[in-house]
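Chemist: attaching a predicted model along with its sequence, questions to come.
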Amino acid sequence: MTDSATQPDLEVLARAAGPRLLVGVGAGPGSEQVLRSARILAERLNSPWIALYVETSRAIGRAEKSRADRNLALAREWGAEVITTTDEDVARALLRVAGQRSVTQIVVGKPSGGSLWKRLQRELIIRRLLRKSGGIDIHILGVDSSATGTRGSRWPVRVPLDVRQYLAATGVVLLATLVNLLLEIVEPRRGEYSTALILLLAVVVLATFLEVGPTLVAATLSALVWDYFFLPPRFAFRVNQFEDAMLLGLYFVVAIAVGQLTARIRAQQVAERQREDRATALYLLTRELTEATELDQIPQKVVERMQHVFEAQIAVLLVDQSGHLKQHPAGTFKMAGTEHRVAAWVLEQQHPAGKFTEHEPTAEALYVPLKASAGTVGVLGLRFKQLVPPSIGQRNLLDAFSQQVALALERHRLQAVSEKSKLLAESERLSQNLLNSMSHEIRTPIAAITSAAGNLVEFQESDFSETQKAMVMEIQEATARLNRLVGNVLDITRLESGHVKPKLELCDVRDLVQTAVRETRKELSGHHLTVEVPPDLPLVRLDFVLTLQTLTNLLSNAAFHTPKGTEVRLSARVEGPALVLIVADRGPGIAPQSLARIFEKFHRGPNAPTGGTGLGLSLVKGFVEAQGGEVQAANAPAGGAVFTLRLPLDKAGAMAAN
Amino acid sequence: MSDATSKPATVLVIEDEVQIRRLLRVCLERGGYQVAEASSGKEGIGEAAACSPDAVLLDLGLPDMDGLSVLKRLREWSQVPILVVSVRAHEDEKITALDSGANDYVTKPFSTGELLARLRAALRSAQPPEANAVFRSGRLQVDLATRTVKVKGQKVRLTATEYALLLLFVQHAGKVLTHGQILREIWGPDGGDRTGQLRVYMAYLRDKLEANPGEPELLITEPGVGYRLVVPD
């Protein structure tokens, strides 16, 4: 494929990626209107947009410069990406940036207002744009001439008079005159044109080193000197021949041409140096931020670097855990109370504010947000030494700085988060290990005792006396209780450390109740157990094991606290959006002073028989609540304790057992 | 099996706690078994290869390697019935052990009688069922050849799925089947989310087979793990 063939493909690709707007911003008063329209256009197209300012070597006045800065600040505020570039040809610059950034549409203002010369220039720019833009759309927006507002001073502010330059100009011209006079003594037959060339040489040399003013003075002086001293008739200001007049004119032409050229080169040099300075500053900051290992080092580095680069006092405000801005002690700018309000606004609105902006321009400092992916992480405050608003370059640099700082802060935050979660996982693993080894270490001897005692009675060959058999039974009962206690303690630890994670599955409540009854058959052997489960109960999404443990705990509890021969009733039904499980007994009931505290750990009722672990009911509460349910204890009017469990029915989970 | 005529079955105990090992030996020898011991996972694997036991009692908390890895290593080459004996009571661990090939799971502390009953069931299930055998458990009678199910001599009609489910339990009589194992066997590899259906079919089976469906004696729920078909000793 040839290059010419790939070019349109790229354009197609760029268009496929969606529209992208580029708007040319000038120093003219109409630019604000153009920006406003471009913003609306970009919003309508839902496209990103770029505001481009082209710096030419043409000297511009301070008023124009600050207007350009304001326009760009406005563009930035309105969400445009702001780019400045240096080029003598504005149209070329626009197209160059458009090509680099895959821009599909360029927006410029219609030439209006200003001098005829300026209008002509702008028309030329637009014509060149139209001719060379190829596939890019060009929008030319009309500018309301009344909006042009006050015109800036037409003339650039004069360079302050540098006396030394004028002295040097005069001196060099005098020197050239002296040389001419000396040459005349040595070679009297020399013509007046050779003297004119020596003076011209002086002007050229001066033009390369001096500003335009002194150069022009030198040109005038040279012309006068030549005319008066060397051009016949000598010692009179008279020009007889046309060639001589041309030569005199040439002094000025050369002075202006060389002077302009030098001025351009110098301006570009200055711009280049500034850019280099900014790039270096940004590079240094980035490097320092990367090297910062502690969070505290970041504000410190930022302050050190920025107060140097911006010649300003710096305040760094970071968002603390509670979401409030807190000034970092490393800052060199001590903020007054009202300043904090501005900073808080910046944090909330994620917009620059304070001095040199439209919001709170009376503030002492300029505040910019530190925007990271997860929101604003802080605010930078700059109290400039300079009285004029920061230039485009400074604002761009400030943007780049704040981005880097926000990134560095974000990186530290993420690192802290990941370390914390690693720590959490580690502690979870540790506590799980502890639980496992606890359970192993304690249960192994219990298993040995149980097994040994079991062997004593389970094999019929032993010829134990009744007392001995009773003793073995005691051992068995005690170990069973100890085992229960260990199990309960482990369960409560697991609950309290958040290790109980309910496994919700569709369960058959009938099966659940049957299993609970089977597991407590031994404890309840002396009681009358009544089970009421309607046959049409739906399947319910719950944790089978946790609910089973809840039920067995409640059933054992009932068996333990009520006299033998009394009734224990277990019932299940669906009531509204909940599965209700009720365990009711006909015992003495719960003492009134215990009702409120009955689910507390190790709480014992006043008449409770010994032998319980004091944990059963807190486990019931914990297991039920872990599944999003609730448990209530009450005394029935007819006597006896009633425990009511309510487990929320998941609408999708309840399934009719048809 | 502890038949008087045949050689007593050998049980390999892989357990690091010497006290538990001693007690198990007493239990098992009284139950008529011959006992081999190993105190670590590596030793256990070696011993299993050397003495080719009829059953293995495996502790999960071994000092040198995880009991589950021992289980998987043994299952690579042997179909010997393996009973996991452990204090790790959490259901997930039971399921993992059972799905990794354990035949049954006994939680410490255990009673001797329970352990021996489980061991007998595991040994029995290791013997291949005869194709035309008739399975009997209490009131239940399943003729595998004619696919007839009788309760107390009365013929009971089962649907295809119910019969498939019952057949699965009969083939693994006495052994815990995890929910996952049952779902995979009956509904195929993507049957994992049919837990609800399994509950419903189990309720149907109990209604048809149990004397008192409110107190099942044949098909027992193993909470959080699965079900087991009880085999009378």
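Modeler: Okay, I see it.

Chemist: would you mark the buried spots in stretch A:191-205?
Modeler: A:192, A:195-196, A:198-200, A:202-204 (16 or more other Cβ atoms under 10 Å in any protein chain shown). From N, CA and C alone the C-beta is placed, and that goes for glycine too.

Chemist: same check, this time on stretch A:27-36
Modeler: Within stretch A:27-36, the residues that qualify as buried are A:27-35, counting by 16+ other Cβ under 10 Å.

Chemist: from those residues, which two are the most distant?
Modeler: Across the buried residues of stretch A:27-36, no pair lies farther apart than A:A27 and A:Q33, at 13.8 Å, counting by Cβ to Cβ.

Chemist: mind checking which of the buried residues of stretch A:27-36 are in helices?
Modeler: Applying DSSP state H to the buried residues of stretch A:27-36, the entries found in helices are A:31-35.

Chemist: can you pull the residues of chain B lying near chain A?
Modeler: Contacts of chain B with chain A, taken as Cβ under 8 Å from any Cβ of the partner chain, map to B:17, B:19-20, B:23-24, B:26-27, B:30, B:61, B:87-89, B:91, B:108-113, B:195-196, B:199-200, B:202-203, B:214-216, B:220-221, B:223-224.

Chemist: that older thread, okay, the buried residues of stretch A:27-36 in a markdown table with distance to chain B next?
Modeler: Formatted as a markdown table, the buried residues of stretch A:27-36 follow (distance: Cβ to the nearest Cβ, whole Å):
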| residue | distance to chain B |
| --- | --- |
| A:A27 | 69 |
| A:G28 | 69 |
| A:P29 | 70 |
| A:G30 | 67 |
| A:S31 | 64 |
| A:E32 | 63 |
| A:Q33 | 63 |
| A:V34 | 61 |
| A:L35 | 58 |
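
Chemist: the residue nearest the centre of chain B and chain A, how far apart?
Modeler: Geometric centre of chain B, nearest residue: B:K175, 2.5 Å, by Cα atoms, centre = their mean. Look at B:K175 and chain A: by Cβ to the nearest Cβ, to the nearest Å, they are 18 Å apart.

Chemist: now do the contacts for that residue.
Modeler: By Cβ atoms under 8 Å, 6 or more residues apart in numbering or on different chains, the residues touching B:K175 are B:103-104, B:121-122, B:125, B:228.

Chemist: quick check, nearest of those to chain A?
Modeler: B:R228 (11.9 Å; Cβ to the nearest Cβ).

Chemist: what residues are bridge-paired with that closest one?
Modeler: Applying DSSP bridges to B:R228 gives these bridge partners: B:V176, B:I220.

Chemist: please apply the same query to A:A315.
Modeler: Here A:A315, judged by DSSP bridges, has bridge partners A:G381.

Chemist: can you give me the neighbour number for it?
Modeler: Using other Cβ atoms under 10 Å in any protein chain shown, A:A315 is surrounded by 26 other residues.

Chemist: these two touch, right, it and A:A365?
Modeler: Yes. Assessed by Cβ atoms under 8 Å, A:A315 is found in contact with A:A365 at 6.8 Å.

Chemist: and for the two, which residues touch both?
Modeler: Contact criterion Cβ under 8 Å, 6+ apart; residues shared by A:A315 and A:A365: A:333, A:335, A:339, A:381-383.

Chemist: find the nearest non-adjacent residue to the spatially most central residue of chain A, please.
Modeler: By Cα atoms, centre = their mean, chain A has its centre lying nearest to A:A372, at 1.0 Å. Leaving aside its sequence neighbours, A:A372 sits nearest to A:E410 (Cβ to Cβ, 6 or more residues apart in numbering or on different chains; 3.8 Å).
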